[in-house]
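*Asks:* I would like to see how this sequence folds:
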Amino acid sequence: MKIGKNTAVTLRYKLSDRLGKLLEQSQEPMVYLHGGYDNTFPKLEAALEGQMPGFQTTLDLEPQDAFGLRDESLVQTIPKSQFPPGVKVGGQLEGRGEDGHAQAFTVMKIKGDTVMLDGNHALAGKALRLSVTVAEVRPASPEEITHRHVHGEHGHHH
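*Replies:* Predicted coordinates for the structure are as follows:
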């Protein structure tokens, strides 16, 4: 089956920086709903359109085509007194962004009685190389199409 709108696509991937340093590699396959549902990078969707299982490609992605440009407004300094005991550098916290939506933050630095948080994705601002292999393509279920994401093994669970 060819990849097209409303297909569930299973991929294996390797993500590297532009110098070839491996940043992440799939241990489990990644599955996404193809067809403009914002479940993966648009350039990856475009490269996979019409392809079949076994297809392999490598894409060079600029920051704006991957995890976005860094947004310094997402860096905040908060009094340490507002955190639970045991807050550590590298820890992940969920808070609210300025728009009120849930936002993941990483603890970047603890200095005295202040904590610096960064709401940017860890790979924001980085040019990346993404290598993928298409493992499987199947028709998406009506429920997956309605929910705009893949369900089941390696997909979203409700």
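
*Asks:* residue ranges for the strands of this structure, please.
*Replies:* For the chain, the strands defined by DSSP state E cover 7-17, 22-25, 30-34, 56-61, 75-79, 92-96, 102-111, 114-118, 128-139.

*Asks:* got CSV for those strands, with mean pLDDT too?
*Replies:* Output for these, formatted as CSV (pLDDT from 0 to 100):
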stretch, mean pLDDT
strand 7-17, 97
strand 22-25, 95
strand 30-34, 96
strand 56-61, 97
strand 75-79, 91
strand 92-96, 81
strand 102-111, 90
strand 114-118, 93
strand 128-139, 97
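
*Asks:* Of the ones you listed, flag the one that's most buried.
*Replies:* Each of those was scored by mean neighbour count; the highest is strand 30-34, a mean of 22, by mean count of other C-beta atoms under 10 Å. Every residue, glycine included, has its C-beta placed from N, CA and C.

*Asks:* Could you list which residues are in contact with the residue nearest to D65 when sequence neighbours are not counted?
*Replies:* Among residues not flanking D65 along the chain, K43 sits closest, at 5.0 Å (C-beta to C-beta, 6 or more residues apart in numbering). Under the criterion of C-beta atoms under 8 Å, 6 or more residues apart in numbering, the contact partners of K43 comprise L59, L61, D65.

*Asks:* All good on my end, thank you.
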